[in-house]
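>>> With the input below, show me the fold.
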Amino acid sequence: MTENNTKNKDTQGQKKSKPLVCTVVSDKMSKSRVGSIHRRVKDPLVGKYLNRQTKIMFHDEEGKSKIGDKVKVEPCRPMSARKKFNLLEIL
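The predicted structure follows:
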């Protein structure tokens, strides 16, 4: 009975966000990279599929990723005004 009450309170009631796959488009900063996520959305009025892209900034401690690499990133607490993701692995 005590095992049920001792669950980790940090994860209780919170959804864990799944990692995103993006392509590195800028590596000019130290320990920071910019990645681009491409997606296709259907226009509700016309019905055509449109290509959309979102740029995100992520933290790369060792600076291993280069332009053109596919990387897996995960959301984290904000490190700066725009940097809200951590690098998990280079694919």
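
>>> so what's Lys16 scoring on pLDDT?
Model confidence at Lys16, expressed as pLDDT, equals 79.

>>> for Glu3, same thing?
54.

>>> separation between Asn86 and Leu20?
Here Asn86 is placed at a distance of 11 Å from Leu20 (CB to CB, to the nearest Å). C-beta coordinates here come from the backbone N, C-alpha and C atoms, glycine included.

>>> Need the residues touching each of the two.
Counting by CB atoms under 8 Å, 6 or more residues apart in numbering, the shared contacts of Asn86 and Leu20 are Val73, Glu74.

>>> Now find how far off-centre the helix or strand where Lys72 lies is within its chain.
Using DSSP states H and E, Lys72 maps to strand 70-75. Here strand 70-75 is found 5 Å from its chain centre; the criterion is CA atoms, centre = their mean, to the nearest Å.

>>> Who does it pair with, and is each partner parallel or antiparallel?
When pairs are called by DSSP bridges, strand 70-75 turns out to pair with strand 20-26 (antiparallel), strand 83-90 (antiparallel).

>>> CA atoms only: put that strand into PDB for me.
Written as PDB, here are the backbone C-alpha positions of strand 70-75 (Å, rounded to 0.1, in the frame of the first residue of the first chain):
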ATOM      1  CA  LYS A  70      19.500  14.900 -38.600                       C
ATOM      2  CA  VAL A  71      19.200  15.100 -34.800                       C
ATOM      3  CA  LYS A  72      16.800  14.100 -32.100                       C
ATOM      4  CA  VAL A  73      15.900  16.800 -29.500                       C
ATOM      5  CA  GLU A  74      13.700  16.800 -26.400                       C
ATOM      6  CA  PRO A  75      11.900  19.700 -24.700                       C
END
